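Have a look at this prediction, sequence included:
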Amino acid sequence: MGGKVWSTSEDKFLIENYHKMKIREIATILPRSFFSVHHRAQYLGLVGVKAQLYGWTEEKTQFLVDNYPQMSAPKIGRALGLSYPSVSGKAHKLGLHKPKGWARGKQIYKGRPTWTEPEIEILRQFYSTMPNKELAEMLPKHSEASIIYKATDLGIYKDENYRRGVNAALAQHACKQNQINAEERRPSRELLMHLYNDCKLTLREIGKHLGVCHHTIKSWFDFYGIEILGREASMIRGLEGAYRRGLVKRPTRPEQRLIDIINKYKLPLKYTGNKSFWIETVNPDFVDINGNKICIEVFGDYWHDQLLNANVRYADTEKAKRETLKKYGWKCIVLWESALMTKNGEEYALKLLEKGGIKCHLVGK
């Protein structure tokens, strides 16, 4: 078995300095690799000793209990030589809370009012279909964040039709009949930070409560400069990379919605979004099968709208695709996901297709 044997002097140096020095510093002096020092420390039973010295001792726990009501978590962390997440996590485990009216800087902690049975009944009845702002007016004792936090505990989420309606309102260009400023729908930075950091909700869970998709939540995080941490950031980067490389499952949900409409009305369109047909660098989602140079693109708001996502490449925008198709005499009809996936999405799609030259029967005609 390979590896350099540990000498008695090296073991003695490790025992004397393991709780005083960092592992990398010890590895540099001996010299040994980081993993060699770490494994030797485990063999000698030193890992538990270091955890007792630098972890939560009874004295540190008592200091936290005594001072948490009047000191902020960062100050306690500096006093104990521990990180802010370690202090806040330990306080949560111990069930410690700030007293009502306690303030640090501009943040005022008013405590958490108790939920009564009538209030919970109102929440169950109206949360799925009513905006959080209106619910907060009905329940004056509770903030929007408190309402969302309680709904999470009860397992209540926004209704799918409600979420689609908000998505449609956010996309001004996709639904001209309901032109609503996107900024009016964007929640405050403080609310997003509270839901993400304090309530520990994922982007997808925040989206369910605010009535939008998690891609829109990410665009709001980018707008406010809020950092997305850990595994969730890696997952989002992987999803974006998969989309750019064409690895996203086809057809997508919006594309499948249009396929259902095509089959229902027997429209002369063929699905080509599976890379089966190209016009230079453009792979249209649908093409006319009657010989007309007409193609249809189904755009997801997050992937193609630079107003919602600043990282969208110019080549993926509506303007760039129309310019490329125009060079070859093709006419492009663009359907936006936020409008197509609404209750009136079928009527929206048929009207645009009729206007673009596809023969079909309008709803209600």
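Ah, there it is. Residues are numbered from 1 along each chain as shown.

Just the buried positions in stretch 268-279, please.
Across stretch 268-279, burial judged by 16 or more other C-beta atoms under 10 Å covers 269, 271-273, 277, 279. Backbone N, C-alpha and C define where each C-beta goes, glycine included.

any idea of the pLDDT on Y224?
pLDDT for Y224: 81.

ok, L210 - contacts?
L210 makes contact with 132, 158, 166, 187, 217, according to C-beta atoms under 8 Å, 6 or more residues apart in numbering.

so which of the buried residues of stretch 268-279 comes closest to H92?
Using C-beta to C-beta, G273 is the member of the buried residues of stretch 268-279 that sits closest to H92, with 46.9 Å.

My guess is that closest one contacts L258. True?
No - using C-beta atoms under 8 Å, G273 is not in contact with L258; the gap is 9.8 Å.

Quick check: neighbours shared by those two?
Common contact partners of G273 and L258 (C-beta under 8 Å, 6+ apart): 285-286, 298.

Show me those that map onto strands.
Among the shared contacts of G273 and L258, DSSP state E puts 286, 298 in strands.

Next, format the buried residues of stretch 268-279 as TSV and append pLDDT and distance to T61.
Output for the buried residues of stretch 268-279, formatted as TSV (pLDDT from 0 to 100; distance: C-beta to C-beta, whole Å):
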residue	pLDDT	distance to T61
L269	92	67
Y271	91	62
T272	89	64
G273	85	58
F277	85	66
I279	87	67
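
Out of those residues, which is nearest to Y127?
Using C-beta to C-beta, the buried residues of stretch 268-279 come closest to Y127 at G273, 36.6 Å.

Tell me how far the closest one lies from E144.
39 Å (C-beta to C-beta, to the nearest Å).

quick one: secondary structure of the nearest residue to S33 once chain neighbours are set aside?
Leaving out its chain neighbours, the residue that sits closest to S33 by C-beta to C-beta, 6 or more residues apart in numbering is A27, at 6.1 Å. Put simply, A27 is helix when judged by DSSP: H, G, I helix; E, B strand; the rest coil.

Roughly how far does A27 sit from F13?
As judged by C-beta to C-beta, A27 and F13 stand 12 Å apart.

residues in contact with stretch 148-161?
Taking C-beta under 8 Å, 6+ apart as the rule, stretch 148-161 contacts 115, 120, 123-124, 127-129, 132, 142, 195, 199, 201, 205, 208-211, 343.

Go through these and flag which are in helices.
120, 123-124, 132, 205, 208-210 (DSSP state H).

Pick out whichever of the buried residues of stretch 268-279 sits closest to H304.
G273 (13.5 Å).

Redo the buried residues of stretch 268-279 as TSV? Include distance to I333 and secondary structure.
Shown next, in TSV, are the buried residues of stretch 268-279 (distance: C-beta to C-beta, whole Å; DSSP: H, G, I helix; E, B strand; the rest coil):
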residue	distance to I333	secondary structure
L269	10	strand
Y271	14	strand
T272	14	coil
G273	14	coil
F277	16	coil
I279	14	strand
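
need those in a markdown table with distance to K98, can you?
Below are the buried residues of stretch 268-279 laid out as a markdown table (distance: C-beta to C-beta, whole Å):
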| residue | distance to K98 |
| --- | --- |
| L269 | 60 |
| Y271 | 57 |
| T272 | 59 |
| G273 | 53 |
| F277 | 61 |
| I279 | 61 |
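
neighbour-wise, which of the contacts of L210 leads?
Among the contacts of L210, the one with the most neighbours (other C-beta atoms under 10 Å) is I217, at 27 neighbours.

That residue and T114, how far apart?
30 Å.

And for N290?
Distance from N290 to T114, by C-beta to C-beta: 66 Å.

what's near enough to touch F13?
F13 makes contact with 26, 29-30, according to C-beta under 8 Å, 6+ apart.

Surely H214 touches Y196?
No - contact criterion C-beta under 8 Å: H214 and Y196 do not qualify, at 11.8 Å.

Looking at those two, which one has more neighbours?
Y196 (21 against 18).

mind listing what the more buried one touches?
Counted by C-beta under 8 Å, 6+ apart, Y196 has contacts 203, 206, 221, 226.

Swap in 10 Å and give it another go.
Applying C-beta atoms under 10 Å, 6 or more residues apart in numbering to Y196 gives the contacts 202-203, 205-206, 217, 221, 226-229, 232.

Give me the buried entries from those residues.
Those of the contacts of Y196 that meet the buried threshold are 202-203, 205-206, 217, 221, 226, 228, by 16+ other C-beta under 10 Å.

what's the farthest-apart pair in these?
With C-beta to C-beta as the measure, no two of these lie farther apart than E205 and I226, at 15.4 Å.

Helix or strand: which one has H97?
Remark: H97 resides in no helix or strand, with elements defined by DSSP states H and E.

swap in I333?
According to DSSP H and E, I333 maps onto strand 331-336.

What strands line up against that strand, and which way round?
strand 294-299 (parallel) (DSSP bridges).

quick check: mean pLDDT across the helix or strand that the strand it pairs with is followed by?
Per DSSP H and E, the first helix or strand lying C-terminal to strand 294-299 is helix 301-304. Mean per-residue pLDDT for helix 301-304: 80.

any chance of the contacts of Y196 in CSV, plus distance to N17?
Converted to CSV, the contacts of Y196 look like this (distance: C-beta to C-beta, whole Å):
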residue, distance to N17
T202, 42
L203, 44
E205, 46
I206, 46
I217, 48
F221, 43
I226, 41
E227, 36
I228, 39
L229, 33
E232, 38
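
Widest-spaced pair of these?
Largest separation among the contacts of Y196 by C-beta to C-beta: E205 and E227, giving 17.8 Å.

quick one: R186 and W220 touch, right?
Yes - applying C-beta atoms under 10 Å as the test, R186 and W220 come out as touching, 5.8 Å apart.
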